[in-house]
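J.: Here's my sequence, what's the structure:
(chains A and B, ligands or ions: 2)
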Amino acid sequence: MNPSTRNLSKQRRAAKALRSNSAYHATGIAICLFFLAPFVITFLASFRHGTEARLPPLPPWPSSGISIDSYLSLDTFGAGIWQHTINSLLVSLATVVLTVAVSLLAGYGFSRYRFPLKNVLFVLIIATLMIPFQSILTPLFIILAKLGLNNSLLGLTLVYVTLQLPFSVFMMRNAFDAVPKEIEEAARIDGARDLRLLVRVLLPLVLPGVATVAIFAFLNAWNEFLAALILLSSNDKYTLPVLMMAVRAGRLGAVNWGAVQAGVAVMTVPCLIVFLLLQRYYMRGLMAGAVK
Amino acid sequence: MSDTGVVLTDIRKSFGSLEVIHGIDLTIAEGSFVVFVGPSGCGKSTLLRMIAGLEEVTDGEIEIKGRNVTDLDPSDRGIAMVFQSYALYPHMSVRDNLAFGLKMAHTEPAEIEARVRAASAILKIDPLLERRPGQLSGGQRQRVAIGRAIVRKPDVFLFDEPLSNLDAELRVSMRIEIARLHRELGNTMIYVTHDQTEAMTLADVIVVLRDGRIEQTGSPREIYENPANMFVAGFIGSPRMNLLNAQWLGNGKVAIGQTEMTIPVSGGGLKPGDKVSFGIRPEHLVVADNTDEGLDARVDFFEYLGGTQYLYCQLADGQPITAEHRGAEPIAAGSTVRLTSETGKRRLFDHEGRRLT
Ligand SMILES: Nc1ncnc2c1ncn2[C@@H]1O[C@H](COP(=O)(O)OP(=O)(O)OP(=O)(O)O)[C@@H](O)[C@H]1O
Ligand SMILES: [Mg+2]
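T.: Ligands and ions are numbered 1, 2, ... in the order given. Model (predicted):
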């Protein structure tokens, strides 16, 4: 092959790569647009001016200058936006921590130990997923009252953890099942036992599972509305979704659309942060290369 | 208590109600290289894992260096194990993989560094120390797994089919490497394999297992030349030993079909007419036309391997027999050959498979 034809074919290859690359990127951008549009509209609308903000949300962008009135007005509802954000964060983070701790240990037990009625127990745990949550709200309310945990964030957290556990235990058992037994045995020969074995060797290997459990626990606790509405009775304990109901109801018959959009924006940000922080583990197949 | 490497006393193992190891007694001399061989499912891995402490013994005692370790944790037994699947920690660098056991034992950092450096020098993995297992080839991973065993300075190395995930060429070089390692370190090593060549070349002592029992223990030469029974005779050697149905005639003579063969055994309690098995290895058979005593066989087909060829033949009464032919002249399928052998290479087994001398 002489140099000129070699160059030509190189050019042709480059052009082909460019074409397939641009198709790839165009598709990616189109999908991104679909996913980002709701966020963009909400964020833009939340920065509309005071009077404009009270109008229905079309067009969504601020047409008479940018203002943070909507965010400021959020603070006039309930016990102040900060208090409710803190309530929500407390409940959600506690739910994540408890759910991960319990499901990690339970998943490990179900995956590695032999004990009587193991499968029956496991099926029972999974079967609770089929019980409609609404049907146990009243009993839950009564139980929490008996425990002195009604109208408390701790009580709400415990309810969330309970609801979250069946899926999480299932998830963690599968994660532990995927870890080859030999790795654990090698660690035992190396002298890692019990908690050290779990934390130093196994935890890094089941991180994708932990991330999934954590994301689901956080999002479900953060967004949950019905249980919070029924189990919390005093104003200053409300979580953000319950507060949003008050915001949406408006005052004197007028709905403050700006405040609604601002509230939605405030509620979205932590979800985005959590997902972006954990998606790396969520996506990663860490096991590659451990065994052949 | 003896000072020998590893002593197993009446070791038994049951899974539920199923007993898979039926009372094994074995003494392994310190510094020797012992290979467990046997058919799949005979309990090689189970036995090794019991020595490692990964599997509890149902009954019996294990002693390592004169210390009863039967109820000790794996990490306290002075052993290190290399797994078939490598079982490296995928989230740690090679360096951390090697150092992990030492860190768990709270070894001084300087000592850890020195041992890791020494092990990686022995195995030539220094350039890989900062990589993750996922970024290594199969052979390199196996080196790291062996390195992880070396840094623990164990009394006994345990290997469970360490090379069977590697391709043929790599397997040969790793085999040589393990032999070198044994020479350099001088530790007791116990090695499980399916591979005859590995067993023959590496072992000081081969232990042949069947169905959770020891069939024979001995040096590769003993096992090959003087198999204790028909099972060992058929299991060791490739292609396997020919075992032909025969009849004891008395006076050091047997009849195979219509052919009489001399065999230098006393025959013990045999009576003329008793059924016996006549054993002869393919490599001990010679194609010879002008000999009085020989088995006439028709060549069904042959395999040409360059230096040698294997003739797959049938005797007149239909029994198959395999012979190795080193002669230059080709032998065509369908032709008839006369196979003979030195009388000293012939083996005789009674109807229960026991070797007769
Ligand atoms: N955890 C277990 N539960 C029940 N039975 C088991 C268990 N592990 C092994 N066995 C049984 O014990 C016997 C011996 O198994 P083992 O793994 O030791 O065989 P092996 O000689 O290593 O075979 P291979 O050459 O195929 O590796 C087999 O019959 C196997 O089915
Ligand atoms: Mg095995």
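J.: C-alpha only now, for contacts and for neighbours.
T.: Noted.
J.: and the residue nearest to the spatial centre of chain A, which of the three is it?
T.: Nearest to the mean C-alpha position of chain A, by C-alpha atoms, centre = their mean, lies A:L219 at 3.1 Å. Under the three-state scheme (DSSP: H, G, I helix; E, B strand; the rest coil), the conformation of A:L219 reads as helix.
J.: so where does the residue of the stretch 101-250 of chain B found nearest ligand 1 fall, helix or strand?
T.: For the stretch 101-250 of chain B, the residue closest to ligand 1 is B:H194, as judged by C-alpha to the nearest ligand atom, at 6.4 Å. Secondary structure assigned from DSSP states H and E places B:H194 in neither a helix nor a strand.
J.: can you map out the helices along chain B?
T.: Chain-ordered helices for chain B, with DSSP state H as the definition, fall at B:44-52, B:94-104, B:109-123, B:138-150, B:168-185, B:196-202, B:220-225, B:230-235.
J.: Count the neighbours of the closest residue to ligand 1 within chain A for me.
T.: With C-alpha to the nearest ligand atom, the shortest gap between chain A and ligand 1 falls at A:R114, namely 10.9 Å. Neighbourhood size, A:R114 [other C-alpha atoms under 10 Å in any protein chain shown]: 10.
J.: sec struct for it, please.
T.: Here A:R114 takes the coil state, with states given by three-state DSSP.
J.: How about the residues of the stretch 151-300 of chain B by chain A?
T.: Within the stretch 151-300 of chain B, the positions adjacent to chain A are B:N165 by C-alpha under 8 Å from any C-alpha of the partner chain.
J.: Where do the strands of the stretch 151-300 of chain B begin and end?
T.: When secondary structure is read from DSSP state E, counting those that start in this stretch, the stretch 151-300 of chain B shows strands at B:156-160, B:188-192, B:205-210, B:213-218, B:242-248, B:253-256, B:259-262, B:275-280, B:286-287, B:295-304.
J.: picking up where we left off before, wouldn't the residue of the stretch 101-250 of chain B closest to ligand 1 be in contact with B:V37 here?
T.: Yes - counting by C-alpha atoms under 8 Å, B:H194 sits close enough to B:V37 to count as a contact (6.2 Å).
J.: Those two - which one has more neighbours?
T.: Neighbour count, other C-alpha under 10 Å: between B:H194 and B:V37, B:V37 has more, with 25 against 18.
J.: Residues in a beta bridge with the more buried one, which ones?
T.: Residues in a beta bridge with B:V37, per DSSP bridges, are B:V208.
J.: Tell me who's in contact with residue 204.
T.: Going with chain A. Taking C-alpha atoms under 8 Å, 6 or more residues apart in numbering or on different chains as the criterion, A:P204 is in contact with B:H91.
J.: My question was about chain B, not that one.
T.: If you count contacts by C-alpha under 8 Å, 6+ apart, B:D204 has them with B:32-35, B:219-220.
J.: Over to B:G60?
T.: If you count contacts by C-alpha under 8 Å, 6+ apart, B:G60 has them with B:8-12, B:23.
J.: Now, of those, which are buried?
T.: The neighbour-count test (16 or more other C-alpha atoms under 10 Å in any protein chain shown) marks B:8-9, B:11-12, B:23 as buried among the contacts of B:G60.
J.: Domains in chain B, by residue range?
T.: Following automatic domain parsing, one finds the domains of chain B at B:6-234, B:239-356.
J.: Ends of the first one, what's the gap?
T.: What that stands for is domain B:6-234. This stretch, domain B:6-234, spans 28 Å end to end (C-alpha to C-alpha, to the nearest Å).
J.: show me where pLDDT drops low in the stretch 101-250 of chain A?
T.: By pLDDT under 70, the low-scoring segments of the stretch 101-250 of chain A are A:250.
J.: Residue 280: how many residues sit nearby?
T.: Unless you meant another one, I'm taking chain A. By other C-alpha under 10 Å, the residues close to A:R280 number 12.
J.: right idea, wrong chain: chain B
T.: The number of residues packed near B:I280 is 25, by other C-alpha under 10 Å.
J.: didn't it look like it was pressed against B:G344?
T.: No - under the criterion of C-alpha under 8 Å, B:I280 makes no contact with B:G344, lying 10.1 Å away.
J.: which parts of the stretch 101-250 of chain A sit against ligand 1?
T.: Taking C-alpha under 6 Å from any ligand atom, no part of the stretch 101-250 of chain A reaches ligand 1.
J.: of the buried ones among the contacts of B:G60, closest to ligand 1?
T.: B:R12 (11.5 Å).
J.: name the element A:L72 belongs to?
T.: Secondary structure from DSSP H and E places A:L72 in helix A:69-74.
J.: Same check on A:Q83?
T.: Element membership of A:Q83 [criterion: DSSP H and E] is helix A:81-112.
J.: Identify the residue of the stretch 1-150 of chain A closest to chain B, quick one.
T.: Among the residues of the stretch 1-150 of chain A, A:R114 lies closest to chain B, at 12.0 Å counting by C-alpha to the nearest C-alpha.
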